[in-house]
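>>> One predicted model, sequence on top.
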Amino acid sequence: MSLELIGITVLWLFLYGYVIIASIDFGAGFFSYYGRITGKEGVISAIITRYLSPVWEVTNVFLVFFYVGLVGFFPDIAYYFGIALLVPGSIALVLLSFRGAFYAFDHYGTKRIQLFHFLYGASGLFIPASLATLLTISEGGFIIEKNGEVRLLMWKLLTSPYSMGVVILALVSVLFISASFLAYYANRAEDKEAEELLRWWALFWSLPTILASFIVFVTLYQHNPEHFESMLNHQMYFILSLLFFLNALRLLILKRSYGWMFVSVALQFFTAFFGYGKSHLPYLLYPYVTIHEGVTNPIMGQALITAFVFGLLLLIPSIYLLLRLFLFNADYLKGKTAK
Amino acid sequence: MDAYMQSRILIGTTLAFHIIYATVGVGIPVMMLIAEWIGIRKNDPHYTLMARRWARGYTVTVAVGVVTGTIVGFMLSLLYPGFMRLAGQMISLPLFMETFAFFFEAIFLGIYLYTWDRFKKPITHFLLIIPVVIGSSASAFFITTVNAFMNSPAGFRLENGEVVDVNPIQAMFNPATPSAVFHVLTSAYMTSAFVLASIAAWFILRGKRNDYYKKALRLTMVWGLIFSFATSIAGDVSGKFLAKYQPEKLAAAEWHFETKSHAELIFGGVLDPETQEVKWAIKIPNALSILAGNSPDTVVIGLNDFPKDELPPLFVHYLFDAMVAIGSFLTALSAAYLVIMKWKKSWEWSKFFLVLIVWAGPLSMLAIEFGWIYAEIGRQPWIVRGFMKVIEATTTSTEVGEVMAMFFSLYAILGIVSTIVLIRIAKKVTVEGEAEKQGIALLKEGE
């Protein structure tokens, strides 16, 4: 496998990791705020807090990883995106900062302040929306280069049906992924009431997810027929994705094997994400940057891959420890250990 | 104002804000490690409580540090796309590794914070702070190598504008790396110790006169002295680095125009830029030559050896002086405290002394700011010294002004709210209350 292919695969895996973990996080923030204003706080907040507290910082790192890796492997893309994304990128950054900081203020402060909770609950929905538009931009048509000057066509981006479709897909996916994970988590914690509520939320958001996916397909056909064509050539991934989705839906309805249910959801997004990414190649930014032209020098590329392998050797045991202590520890899940 | 100036103001403000949180983010885990270790060794629950209380405040500062750090990372490509396109080819390795280090820290910090009472042996919990310290200091190390690279780029050649012969390890361990890393780490540890000392002194002044605070003040002041001593050595090493690899920066700090040996160190004063004469300054003969190379015979390169348009602004002299003055004052203050602690105990909590210590934390942070502003402005007009000027790297976007307002409001809100939250934690969760809850005895002064 060539250097650029290894690079983009690694980065794509990181982005996928971010999508799943951040979705759980964003959705949980929204659900906990929703629970608070609808008086269901007692039912779900314990579950959500117990999951979120130890892992919130870890979430952000996935995104930074993706970005730093992207700049490292493909310095050219940093140049194009850097100029074009000043405004949308800054908005996403400010939202992310708000969310992270107010989560900490809300949780580690001495008093639970409703405004803080609202800020971090609401920002959790705006962030996926703004990040999704960044992905839309890579489809091309929104960035132009004229006489060496790079510019973003903001108005076109905001009014494009394709862009709107992606934003909707991002929002409902966040809520679906999050609810299905939290349902699984509540089930592990043997909290029947929370489990039932979260299962219902997962079901509620399941069909909109698929509906939004179809909207994206259709609008992509109009926006970038070349990519659409390429996606049809990789249709196997999307069919697999649908099958995983149906399996998750089946398990949700039958209230069975929550673990496999969430694994199915994760695989549903993995296959779709992988298929989307693969059919997007060789373009990083259509039609200006491809992975072949934009790639860094081979020495740096190898150094990055080496660092990556060693980094994983360090991180995987640490993440395992984190998961064992908080996610798969029966006593902790049930809230039996002292905080 | 053009994008060039706007970008400089925006990135400058961002860094100035971030560095406050980043500094305590690197230093406080070290203090937590020390306190928890002493608590276990002496079997003294006061020290354990200390580590626990510091950890509680730390979670708030680390949150702001994380989000502003993320902003700095992204902003580098948003405001300086040209920089990332060039330097990304040589220096993305440490940037990449920094994320790993931070990841490592974040995971163990999460575990550390939520497992105070979960292990049978206290030593198990202590072990968890070690990866946090390693992770945060390693983060500082990696990110400092990137900054060092901007000061003394290495590990590549330019051939017809193309980057060739890239050596990422050489780029990372460039000539500025040892002194910069040494200086950044020691000053972060020192500042954190003094910030914690300030808080303890403030509470004692407010009448909380018990043995918990006595121990907290002693511990932080003793380590403050150790770290400020280390920082002054690191400062000396940095001076020697500058003299050799970035002489215009040292010369600008010292208003040193003519290349010569037996150069004098200038403190304060007013410069007449036309005649290059310095008035009303304290001048120490030979001291600059000694700083540059340990001997009065060392030849120190002066500003007149450089093209005029490649020199930093000369007001950095005052930043440099203020940094050195604060550092010396804090070393003296903590040394005096140590003497009093040993031989003149009745003065230990004298009001005069406690007030000075309350100022130690903010002053120390101010020195960090001065030092960093000196380091960054002193590199002007370069973003990568000798290879790329800031103006060449700046974005061509016309919208920097719009996002600037957005970021400034964000920093204002984060700064104010984080301060309020911290004050509220300190006031509501008192030492006395926590000690009572955990069954720890507190001895009032004189008991």
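Here it is on my side, so go on. Numbers count the residues shown, from 1 in each chain, chains lettered A, B, ... in the order given.

>>> buried set for the helix or strand hosting residue B:435?
Residue B:435 is part of helix B:431-437, with elements assigned from DSSP states H and E. Buried residues in helix B:431-437, counted by 16 or more other Cβ atoms under 10 Å in any protein chain shown: B:431, B:434, B:435. Using the backbone N, CA and C atoms, a C-beta is placed for each residue, glycine as well.

>>> and the host helix or strand of residue A:36 with chain B, contact?
Under the criterion of DSSP H and E, residue A:36 resides in helix A:3-37. No. Between helix A:3-37 and chain B, judged by Cβ under 8 Å from any Cβ of the partner chain, nothing touches; the nearest distance is 9.9 Å.

>>> Which elements pack onto that helix?
In terms of contacts (3 or more Cβ pairs under 8 Å, 6 or more residues apart in numbering or on different chains; DSSP states H and E), helix A:3-37 is packed against helix A:41-73, helix A:114-137, helix A:161-188, helix A:258-280, helix A:291-294, helix A:298-322.

>>> what's the model's confidence in the second one, averaged?
The one in question is helix A:114-137. On average, the pLDDT along helix A:114-137 is 81.

>>> mean confidence for the next helix or strand after it?
Downstream of helix A:114-137, the next assigned helix or strand under DSSP H and E is strand A:143-146. The average pLDDT for strand A:143-146 rounds to 78.

>>> same check, this time on stretch B:283-297
For stretch B:283-297, the mean confidence score works out to 87.

>>> Then stretch B:320-330?
Averaging pLDDT along stretch B:320-330 yields 94.

>>> and the stretch 201-339 of chain A, which residues reach chain B?
With Cβ under 8 Å from any Cβ as the criterion, the stretch 201-339 of chain A meets chain B at residues A:296-297, A:299-300, A:303-304, A:307-308, A:311, A:314-315, A:318-319, A:321-322, A:325-326, A:337-339.

>>> Got a ChimeraX select line for the buried ones in these?
To isolate the buried members of these in ChimeraX, using 16+ other Cβ under 10 Å:
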select /A:296,297,299,300,303,304,307,308,311,314,315,318,319,322,325,326
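
>>> just to revisit the earlier point, of all the buried residues of helix B:431-437, which comes closest to chain A?
Chain A has its nearest neighbour among these in residue B:434, at 12.4 Å by Cβ to the nearest Cβ.

>>> Which residues are in contact with the closest residue to the closest one other than its chain neighbours?
The shortest distance from residue B:434 to any residue other than its chain neighbours is 6.2 Å, reached at residue B:49 (Cβ to Cβ, 6 or more residues apart in numbering or on different chains). Residues in contact with residue B:49, defined by Cβ atoms under 8 Å, 6 or more residues apart in numbering or on different chains, are B:39, B:212, B:431, B:434, B:435, B:438, B:440.

>>> Residue ranges in the chain under the pLDDT threshold?
All of this is about chain A. Applying pLDDT under 70 to chain A picks out residues A:41-43, A:47, A:50-57, A:109-112, A:327-339.

>>> um, chain B though
Scanning chain B for pLDDT under 70 picks out B:445-447.

>>> Now do the helices in it.
B:3-41, B:45-79, B:81-113, B:122-151, B:168-172, B:177-205, B:211-245, B:247-254, B:287-293, B:316-343, B:351-377, B:390-393, B:400-428, B:431-437 (DSSP state H).

>>> Any idea how many residues pack against residue B:296?
Per other Cβ atoms under 10 Å in any protein chain shown, the neighbour tally for residue B:296 reads 14.

>>> in stretch B:254-274, what's buried?
For stretch B:254-274, using 16+ other Cβ under 10 Å, the buried residues are B:254, B:255, B:256, B:262, B:263, B:264, B:265, B:266, B:267, B:269, B:271.

>>> again with stretch A:284-295
Buried residues in stretch A:284-295, counting neighbours by 16+ other Cβ under 10 Å, are found at A:284, A:285, A:286, A:288, A:289, A:290, A:291, A:294, A:295.

>>> Straight-line length of it, end to end?
10 Å (Cα to Cα, to the nearest Å).

>>> how far does it sit from the chain's center?
Relative to the chain's own centre, stretch A:284-295 is displaced by 23 Å; criterion: Cα atoms, centre = their mean, to the nearest Å.

>>> Could you tell me which residues make contact with the residue in the stretch 201-339 of chain A that chain B sits nearest to?
Nearest residue of the stretch 201-339 of chain A to chain B (Cβ to the nearest Cβ) works out as residue A:311 at 3.9 Å. Residue A:311 makes contact with B:97, B:100, B:103, according to Cβ under 8 Å, 6+ apart.

>>> Nearest to residue B:320 among the residues you listed?
The closest of those to residue B:320 turns out to be residue B:97 (Cβ to Cβ; 30.8 Å).

>>> what's around whatever residue of the stretch 151-300 of chain B ends up closest to chain A, how many residues?
Taking Cβ to the nearest Cβ, chain A has its nearest neighbour within the stretch 151-300 of chain B at residue B:168, 4.3 Å off. The local packing of residue B:168 (other Cβ under 10 Å) involves 26 other residues.

>>> same question, residue A:113
Using other Cβ under 10 Å, residue A:113 has 15 neighbouring residues.

>>> hang on, isn't it packed against residue A:106?
Yes. With contact defined as Cβ atoms under 8 Å, residue A:113 and residue A:106 form a contacting pair (6.6 Å).

>>> Can you report how many residues lie near residue B:351?
Using other Cβ under 10 Å, residue B:351 has 9 neighbouring residues.

>>> what sits against it?
Contacts of residue B:351 (Cβ under 8 Å, 6+ apart): residue B:205.

>>> And for residue A:321?
Counted by Cβ under 8 Å, 6+ apart, residue A:321 has contacts B:107, B:111.

>>> where's the nearest residue to residue B:83 once chain neighbours are set aside relative to residue A:178, distance?
Leaving out its chain neighbours, the residue that sits closest to residue B:83 by Cβ to Cβ, 6+ apart is residue B:393, at 4.0 Å. Distance, residue B:393 to residue A:178, using Cβ to Cβ, to the nearest Å: 40 Å.

>>> neighbour count winner among these two?
For residue B:393 versus residue A:178, neighbours defined as other Cβ under 10 Å are more numerous around residue A:178 (27 against 22).

>>> Pull out the buried positions in stretch B:122-136.
Buried residues in stretch B:122-136 (16+ other Cβ under 10 Å): B:122, B:125, B:126, B:128, B:129, B:131, B:132, B:133, B:135, B:136.

>>> Is any residue of it near chain A?
Yes. Counting by Cβ under 8 Å from any Cβ, contacts between stretch B:122-136 and chain A involve residue B:131.

>>> quick one: contacts of that stretch?
Contacts for stretch B:122-136 (Cβ under 8 Å, 6+ apart): A:318, B:25-26, B:29-30, B:32-33, B:36-37, B:39-40, B:48, B:51, B:101-109, B:111-112, B:115-116, B:118-119.

>>> Report the backbone C-alpha coordinates of it in PDB.
Taking Å, rounded to 0.1, in the frame of the first residue of the first chain, the C-alpha atoms of stretch B:122-136 are listed here in PDB:
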ATOM      1  CA  PRO B 122      -3.200   4.500  48.300                       C
ATOM      2  CA  ILE B 123      -0.100   3.900  46.300                       C
ATOM      3  CA  THR B 124      -2.200   2.500  43.500                       C
ATOM      4  CA  HIS B 125      -3.900   5.800  43.100                       C
ATOM      5  CA  PHE B 126      -0.600   7.600  43.400                       C
ATOM      6  CA  LEU B 127       0.700   5.600  40.400                       C
ATOM      7  CA  LEU B 128      -2.000   7.100  38.200                       C
ATOM      8  CA  ILE B 129      -0.700  10.600  38.600                       C
ATOM      9  CA  ILE B 130       2.700   9.600  37.100                       C
ATOM     10  CA  PRO B 131       1.300   9.100  33.500                       C
ATOM     11  CA  VAL B 132      -0.500  12.500  33.900                       C
ATOM     12  CA  VAL B 133       2.800  14.200  34.800                       C
ATOM     13  CA  ILE B 134       4.600  12.400  31.900                       C
ATOM     14  CA  GLY B 135       1.800  13.200  29.500                       C
ATOM     15  CA  SER B 136       1.500  16.900  30.300                       C
END
